[in-house]
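Asks: Okay, predicted coordinates and the sequence, questions at the end:
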Amino acid sequence: VRDLWGGAPWGGAWRAGAPEWTELPSGGGGGGASALQQLQAAGSAHVGAAVAADATGAFWMAMDDFVTCFDKVYACRMFPDPTPRAVVFGEWGAASSGGCLNYASSWRLNPQFMLELPTAARVFVSLSQPSLFGPIQQRDYLPVGVCVLKGNSRRRLLVTRRENLFGASVISDTREVSFELELPPSTADRPHVIVPYTFEPGEVGEFKLSVFCEAKFSLRPVAKDDEWHHIALDGEWDAQRSGGCPNPENEHWHRNPQWSLTAQQPTNLTILLEIRPPPPPDTPAQLALGAILLSSAAGGGKKRFIGREDVISQAGFARAPVVSTTVRLDATSEPLYLLPCTFNEGEVAQFTLHLYSDAPLEVAEVPFAALEPSSAPLPPTQVSSVGAEASASAAANEAAAAAAAATAAAEKARSAKSSHACAVM
């Protein structure tokens, strides 16, 4: 046995210099040689620990004493010195402890590390916490885990899907968790992403991430210059400002909060809409959420009805704590408009709209008074049909209103048969 911590030397049977080493076996066993002589004859590397205290902490003890003193044995994976390896240290802080992948609204906040692997190879990943001493029952390690995900850029990973999970360790409140997996090669612009996490958000502590691989690789945290530009917009759907999604039969969608957005240069943009506070991961989401990026001509109270041509990108609609969409934007001379909404009108909740972009954005909330479109009736050619199941017909001429009402009622009934599929999806 080897004591790595330099504690008091073992003082029981078979300690260094104990009489058991030099006693001759009774009945002529062992060829009449003492235990020390038998060790020497076998060429044991630890003969010295039988004679005097060993500088490395190695010592001998009887098996009966071993099982009395220890209640756990860990088998450690050892790698030869030439094996390519990387070790990085980090911590989960108040703002960087997002919890495991169950927490869709926050896991992206965890520390992330870019793994560049030029060739397919077998990789061993270990996550450990600083050692705690004392009785095992009193060692309060955080429940932690680590996973490897398929990256989509050199920036922080914001969203992922199950099919992008290469592998993960168990989540355990032990000093170390680890796993081994076969990884495909990464590309220069899309490295793999290693994410260490605590089980629940908000747990703080330090960690060490170790990676061993049979092929050369590089491992680094997300560089500061590679972090996204981030804007968080807090809002609320209340009795006055919960207009539902912009289906053709819904004239109140414009009552939702809206923000204007201007990009001075081309950029990738990821929009995440999340309920605040986020529900526990085992609680079914109550609301169907959506976030729509509208053209300059459609948002900000410019249109009462919108068509597919007005929608640049859309997240949702889904009963989920968070929905997202990613779009490539050109530089904009006129502002676009962000529309977060629930599927049904009148639903009440608080939310946060997150914008992650390559380049800075200019964002401003549109005053509520400016969101009411003109009350003038639209000519028939301007009424939008925005869904597979929903088509709208309207008459600008009030003299034809009675005939148009029958058609509109029939189409509305047919539209109601679709389940939580917003017409602009």
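Replies: Received, thanks.

Asks: where in the chain is pLDDT low?
Replies: 26-31, 136, 374-425 (pLDDT under 70).

Asks: Please enumerate the helices of it.
Replies: Listed in chain order, the helices of the chain (DSSP state H) span residues 35-42, 48-51, 63-69, 401-415.

Asks: Can you pull the phi and psi angles for the closest residue to residue 279 other than its chain neighbours?
Replies: Closest residue to residue 279 apart from its sequence neighbours, by CB to CB, 6 or more residues apart in numbering: residue 321 at 5.6 Å. Glycine gets a C-beta too; all of them are placed from N, C-alpha and C. Note on residue 321: backbone dihedrals following degrees, to the nearest 10 are phi -70, psi -20.

Asks: Residue 321: neighbouring residues, count only.
Replies: Around residue 321 there are 24 other residues, counting by other CB atoms under 10 Å.

Asks: Would you confirm that it contacts residue 277?
Replies: No - using CB atoms under 8 Å, residue 321 is not in contact with residue 277, being 9.7 Å away.

Asks: one step back: state the distance from the residue nearest to residue 279 to residue 349.
Replies: According to CB to CB, to the nearest Å, residue 321 and residue 349 sit 11 Å apart.

Asks: what is in contact with these two at once?
Replies: Common contact partners of residue 321 and residue 349 (CB atoms under 8 Å, 6 or more residues apart in numbering): residue 275.

Asks: show me what contacts the residue nearest to residue 179 when sequence neighbours are not counted?
Replies: In this structure, residue 179 finds its nearest non-sequential neighbour in residue 169, 4.4 Å apart by CB to CB, 6+ apart. Residue 169 sits next to 125, 127, 145, 146, 147, 177, 178, 179 when contact means CB under 8 Å, 6+ apart.

Asks: can you rerun that using 10 Å?
Replies: Residue 169 sits next to 125-127, 144-148, 176-181, 196 when contact means CB atoms under 10 Å, 6 or more residues apart in numbering.

Asks: Wait, residue 319 touches residue 347, no?
Replies: No - in this structure, residue 319 is not within contact of residue 347 by CB atoms under 10 Å, at 11.6 Å.

Asks: any common contacting residues for these two?
Replies: With CB under 10 Å, 6+ apart, residue 319 and residue 347 have common neighbours 286, 287, 288, 289.

Asks: Show me which of the contacts of residue 169 are buried.
Replies: 125-127, 144-148, 176-179, 196 (16 or more other CB atoms under 10 Å).

Asks: any chance of those in a markdown table, with distance to residue 326 too?
Replies: A markdown table is the format used below for the buried ones among the contacts of residue 169 (distance: CB to CB, whole Å):
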| residue | distance to residue 326 |
| --- | --- |
| 125 | 27 |
| 126 | 32 |
| 127 | 29 |
| 144 | 29 |
| 145 | 26 |
| 146 | 25 |
| 147 | 21 |
| 148 | 21 |
| 176 | 36 |
| 177 | 31 |
| 178 | 33 |
| 179 | 29 |
| 196 | 25 |
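
Asks: Tell me the one among those nearest to residue 256.
Replies: residue 147 (35.7 Å; CB to CB).

Asks: Surely the closest one and residue 162 touch.
Replies: No - applying CB under 10 Å as the test, residue 147 and residue 162 come out as separate, 11.4 Å apart.

Asks: Name the residues contacting each of those two.
Replies: residue 101.

Asks: mind checking how far the residue nearest to residue 279 is from residue 107?
Replies: Distance from residue 321 to residue 107, counting by CB to CB: 12 Å.

Asks: One more: residue 237?
Replies: 25 Å.

Asks: now the strands for the stretch 51-200 of the chain?
Replies: Remark: strands assigned in the stretch 51-200 of the chain by DSSP state E, counting those that start in this stretch are 85-92, 113-116, 121-128, 144-149, 165-168, 176-183, 192-198.

Asks: So which of those strands is nearest residue 14?
Replies: strand 176-183 (29.9 Å).

Asks: Run the chain-centre distance for that closest one.
Replies: 18 Å (CA atoms, centre = their mean, to the nearest Å).

Asks: mind starting the numbering at 25 from now?
Replies: Right, with 25 as the first residue, what we last looked at is strand 200-207.

Asks: quick one: contacts of that strand?
Replies: 98, 100-101, 139, 141, 143-153, 155, 165, 167-172, 174, 190-195, 216, 220, 231-232, 234, 236-237, 239, 241.

Asks: Please pick the buried ones from those.
Replies: So, by 16+ other CB under 10 Å, the buried ones in the contacts of strand 200-207 are 139, 141, 145, 147-153, 165, 167-172, 174, 190, 192-193, 195, 216, 220, 231, 234, 236-237, 241.
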